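Chemist: Sequence and predicted structure, then a few things I'm wondering about:
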Amino acid sequence: MTTPPAMAYSTDNCTIGRAMSVLGERWTLVVLREVANGIRRFDEMRRHTGMPRQVLTDRLAVLVQHDILRRVPYREAGQRERSEYRLTRKGFELFPVMVAVSQWGDRYYADPEGPPIEFAHRGCDAPVELQITCEAGHVLDDEREVVGRPGPGIKPFS
């Protein structure tokens, strides 16, 4: 068996690893799903997801710390000021990730009746699908057409 070329390079500065250190916990995309669906307040998120209070507190803090969510204060009449959470630009850029995970889940884990939610284009109501397209505009129908190659930040394995 030949050694894969990637073995010659360090993974210390891997951006996938760095991203997953923020996003990799089970509840992170669930929190982002809730906020994207308009459920922005702590108690509503807890009630809707069944997520443990401390887990939700921790996830929200990490997402705010990494500028994926921002806190927006609000006050109900006669109540103390609280925060609701909104996606930042950085958070909105994760939307394709959520759609991809959802579509993958729909394919392999949906109930027999079908998926619980579908993504549609607000402008025409057609279903949204993700596709991989190269910079030259070619639509790649087979994921095996994509290959990793050393980028400008690659470091030799030492």
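Modeler: Thanks, I have the structure now. Keep in mind it's a predicted model, so treat the numbers as computed, not measured.

Chemist: Could you use CA atoms for every contact and neighbour count after this?
Modeler: OK.

Chemist: buried set for the particular helix or strand that has Val22 in it?
Modeler: Assigned by DSSP states H and E, Val22 belongs to helix 15-23. Neighbour-count burial for helix 15-23 flags Leu23 (criterion: 16 or more other C-alpha atoms under 10 Å).

Chemist: report the angle between the axes of whichever helix or strand comes after that helix and helix 15-23?
Modeler: Sequence order places helix 28-36 as the next helix or strand after helix 15-23, per DSSP H and E. Between helix 28-36 and helix 15-23, the angle comes out at 70 degrees (axes from the mean of the first three to the mean of the last three C-alpha atoms, to 10 degrees).

Chemist: can you pull the contacts of Thr87?
Modeler: No, residue 87 isn't Thr; it's Leu. Taking C-alpha atoms under 8 Å, 6 or more residues apart in numbering, we find Leu87 in contact with 32, 35-36, 68-70.

Chemist: Which one among the residues you listed sits at the bottom for pLDDT?
Modeler: The member of the contacts of Leu87 with the lowest pLDDT is Ala36, at 94.

Chemist: That one and Pro127, how far apart?
Modeler: Separation of Ala36 from Pro127 (C-alpha to C-alpha, to the nearest Å): 17 Å.
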